[in-house]
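J.: no sequence for this one, just the structure:
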């Protein structure tokens with residue numbers, strides 16, 4: 001009776017192990033990575049964010065200019081008029097000279113590292129400091145001037161009225177050759193003034209808080225930090241739960257090597273296969289949820305290119321975590337399969353025959 005009860009409990013533990021192991025595979029993969037910078041760095045690279053950034057900024061700037069002009073701005077000399085005069089190709093050329101992809105990647109990854117360090121610390125305040133030294137150097141360097149000249153070469157010739165209206169710095173037309181030296185001199189003066197007023201570094205969090213009132217969100221992130229760290233700790237230790245179930249199965253039901261291989265192999269194989277089935281569709285499902293439930297509720301006028309980029313980044317980060325889950329699930333299923341096969345080839349323990357009755 002006790003042997004039957006022990007085996008029954010072992011079977012229940014094996015069933016529980018399958019469900020617990022599936023949850024742990026997913027939880028461990030996501031929980032040990034979501035507070036680290038590397039998954040987000042990799043996603044930005046795979047989604048070609050740094051190459052697409054000028055287009056994203058150009059689209060956002062064009063919308064700002066359109067809104068300003070609709071509100072009565074847009075006169076000659078207004079920032080909105082300058083922005084409106086630049087095409088996406090112009091933005092790509094100018095921004096490529098001022099902030100090339102390698103520079104952007106270096107600063108963004110540094111910012112992600114700073115956020116990750118903050119989330120794993122008890123620092124009272126989040127600061128994301130970005131160096132603008134290279135940006136300032138390029139403002140007065142030959143790169144931006146060459147990009148400006150290339151941009152002008154794609155424009156139609158300037159009329160005298162256009163040159164006068166541009167204030168000596170044309171953007172939408174090409175000045176005549178005899179005026180080019182004067183135009184470039186004015187361009188260098190303006191770029192030098194911009195560089196002189198640009199700091200060597202800036203705290204993006206403080207800047208965002210000042211202009212967008214994001215202080216509450218940052219405070220909420222600091223308040224949630226303890227809970228997030230707790231989730232990460234639980235994720236690191238979560239494999240101990242299915243391991244404890246396997247140990248309990250061993251104590252209750254395993255008496256031979258063959259029995260151990262089968263009692264461990266079958267649950268591990270089933271759990272690994274089930275975890276793989278669960279992890280495979282997570283990223284596509286998240287993408288569908290974002291497309292059909294989140295995007296329709298975004299504010300009207302949200303740039304489509306920004307939405308597309310965010311959607312790609314979100315899906316990529318989730319896929320990175322699920323790839324880790326798939327790897328763990330594959331190892332678990334393979335180990336279980338090997339155990340099952342080895343168990344089938346192990347000899348059964350011979351039960352000694354009962355002695356024949358005398359006489």
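T.: Cool, got the structure. Note that the structure is a prediction, hence the values are computed from the model and not measured.
J.: helices or strands up against the lengthiest helix in the chain?
T.: Longest helix in the chain by number of residues, with DSSP state H as the criterion: helix 304-345. Helices and strands touching helix 304-345, as assessed by 3 or more CB pairs under 8 Å, 6 or more residues apart in numbering; DSSP states H and E, comprise helix 2-31, helix 38-46, helix 49-70, helix 257-279, helix 282-289. To be clear about C-beta, it is placed using only N, CA and C from the backbone, and glycine gets the same treatment.
J.: Tell me where the model's unsure across this structure.
T.: Counting by pLDDT under 70, the ranges of the chain that qualify are 62, 64-84, 211-219, 301, 347-359.
J.: Could I get the contacting residues of the one residue sitting closest to the centre of it?
T.: The residue at the geometric middle of the chain, judged as the C-alpha nearest the mean C-alpha position with CA atoms, centre = their mean, is residue 40 (3.0 Å). Contact analysis of residue 40 by CB atoms under 8 Å, 6 or more residues apart in numbering lists 112, 313, 317.
J.: Out of the residues you listed, grab the one that's most surrounded.
T.: With neighbours taken as other CB atoms under 10 Å, the top of these is residue 317, carrying 22 neighbours.
J.: what's the spacing between residue 88 and residue 312?
T.: Per CB to CB, to the nearest Å, residue 88 is found 19 Å from residue 312.
J.: of these two, who's got more company?
T.: The residue with more neighbours, out of residue 88 and residue 312, is residue 312; 18 against 15, by other CB under 10 Å.
J.: Touching, that one and residue 52? I think so.
T.: No - here residue 312 lies out of contact with residue 52, judged by CB atoms under 8 Å, at a distance of 9.5 Å.
J.: just to revisit the earlier point, turn the contacts of residue 40 into a markdown table, columns for distance to residue 9.
T.: Listed next are the contacts of residue 40 as a markdown table, based on distance: CB to CB, whole Å:
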| residue | distance to residue 9 |
| --- | --- |
| 112 | 48 |
| 313 | 47 |
| 317 | 41 |
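J.: Out of the helices and strands packed on helix 304-345, the one nearest residue 184 is which?
T.: For those, the distance to residue 184 is smallest for helix 49-70, at 22.8 Å, taking CB to CB.
J.: how far is the helix or strand containing residue 210 from where the chain is centred?
T.: According to DSSP states H and E, residue 210 maps onto helix 204-212. Distance of helix 204-212 from its chain centroid, counting by CA atoms, centre = their mean, to the nearest Å, is 21 Å.
J.: buried stuff in it?
T.: Within helix 204-212, the residues that qualify as buried by neighbour count (16 or more other CB atoms under 10 Å) are 205-206, 209.
J.: on contacts alone, who are the packing partners of that helix?
T.: For helix 204-212, the helices and strands in contact under the criterion 3+ CB pairs under 8 Å, 6+ apart are helix 215-237.
J.: Tell me the first helix or strand C-terminal of the helix it packs on.
T.: If you walk from helix 215-237 toward the C-terminus, the next helix or strand you reach (DSSP H and E) is helix 240-253.
J.: Just give me the neighbour total for the closest residue to residue 16 other than its chain neighbours.
T.: Taking CB to CB, 6 or more residues apart in numbering as the measure, residue 16 lies nearest to residue 245, with 6.0 Å between them; neighbours along the chain are not counted. Applying other CB under 10 Å, we find 21 residues neighbouring residue 245.
J.: Can you tell me the SS state at residue 299?
T.: Three-state assignment for residue 299 (DSSP: H, G, I helix; E, B strand; the rest coil): coil.
J.: Check the gap between residue 96 and residue 111 for me.
T.: In this structure, residue 96 lies at 20 Å from residue 111, with CB to CB as the measure.
J.: Kindly present the buried residues of helix 204-212 as CSV, with separate columns for distance to residue 104.
T.: Conversion of the buried residues of helix 204-212 to CSV gives the following (distance: CB to CB, whole Å):
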residue, distance to residue 104
205, 18
206, 20
209, 22
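J.: Which residue ranges make up the domains of this protein?
T.: The chain breaks down by automatic domain parsing into domains covering 2-35+227-345, 80-215.
J.: so which of the ones you listed gets nearest residue 63?
T.: Distances from residue 63 to each of those were compared by CB to CB, and the smallest falls on domain 2-35+227-345, at 6.3 Å.
J.: related to what we said a few turns ago, residue 92: which of the contacts of residue 40 is nearest?
T.: Each of the contacts of residue 40 was checked against residue 92 using CB to CB; the closest is residue 313, at 20.3 Å.
J.: Spatially nearest residue to that closest one, not counting backbone neighbours?
T.: Nearest non-adjacent residue to residue 313, counting by CB to CB, 6+ apart: residue 43, 5.1 Å away.
J.: Could you give the number of residues near the one you found?
T.: As a burial measure, residue 43 scores 19 neighbours (other CB under 10 Å).
J.: quick one: it and residue 203, what's the gap?
T.: Distance from residue 43 to residue 203, by CB to CB: 24 Å.
J.: How about residue 275?
T.: Separation of residue 275 from residue 203 (CB to CB): 42 Å.
J.: Setting aside sequence neighbours, what's the nearest residue to residue 254?
T.: Nearest in space to residue 254, with sequence neighbours left out and distances taken as CB to CB, 6+ apart, is residue 260 at 4.4 Å.
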